[in-house]
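K.L.:
One predicted model, sequence on top.
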Amino acid sequence: MNDSLPPDLDRLQTLEYWLRLQLRAVHTRIEEVKRYEASRPKPIPPPQPDWLLQPARAAGDGRPLYVHEGHCPAATGKAITRRQATEALTSGVEACPFCRPDTALGL
Ligand SMILES: [Zn+2]
């Protein structure tokens, strides 16, 4: 038996009633919060960049590793413009072997 509870029926039933009121209040609040969350506008993800420049490896020579198309699953790095992608590829940065941005850029 739980020693923290009163031994008599009257007080136990009072506690039960109070706990039911508290549980109802919690359920009401949960529904309010759910409605509020559902009414809030969802954050819009930033647009996918068209081109990405993958930075050099830490132990590398400092040159970027690859130029990627924005949709490439292997893409990491910073967003760059079409012109920057073309300049990077023509200056010796390699094209990603998966997405082949050089082909998309007509190089
Ligand atoms: Zn790629």
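P.N.:
That came through, no problem.
K.L.:
count of neighbours near residue 56?
P.N.:
Neighbours of residue 56 under the rule other C-beta atoms under 10 Å: 13. Quick note: C-beta positions are derived from backbone N, CA and C, even for glycine.
K.L.:
Please apply the same query to residue 97.
P.N.:
Here the count is done by other C-beta under 10 Å, and residue 97 has 8 residues near it.
K.L.:
Pull up the gap between residue 4 and the ion, please.
P.N.:
Distance of residue 4 to the ion, computed by C-beta to the ion, to the nearest Å: 63 Å.
K.L.:
actually residue 5, sorry about that
P.N.:
In terms of C-beta to the ion, residue 5 sits 65 Å off from the ion.
K.L.:
per-residue pLDDT, that residue?
P.N.:
If you check residue 5, the pLDDT there is 94.
K.L.:
So the nearest residue to it once chain neighbours are set aside versus the ion, what's the distance?
P.N.:
Of all residues not flanking residue 5 in the chain, residue 12 sits nearest, at 6.5 Å (C-beta to C-beta, 6 or more residues apart in numbering). Counting by C-beta to the ion, the gap from residue 12 to the ion is 68 Å.
K.L.:
a helix runs through residue 12, doesn't it?
P.N.:
Yes: applying DSSP: H, G, I helix; E, B strand; the rest coil, one finds residue 12 inside a helix.
K.L.:
and it, how many residues sit next to it?
P.N.:
Counted with other C-beta under 10 Å, residue 12 comes out at 12.
K.L.:
is it true that it touches residue 18?
P.N.:
No: the criterion here is C-beta atoms under 8 Å, and residue 12 misses it with residue 18 at 10.8 Å.
K.L.:
Look up phi and psi at residue 67.
P.N.:
Backbone torsions of residue 67, given as degrees, to the nearest 10, read phi -100, psi 140.
K.L.:
ok, now which ones touch it?
P.N.:
Residues in contact with residue 67, defined by C-beta atoms under 8 Å, 6 or more residues apart in numbering, are 51-54, 80, 85, 88-89, 93-96, 101-102.
K.L.:
Perfect, I'm done here.
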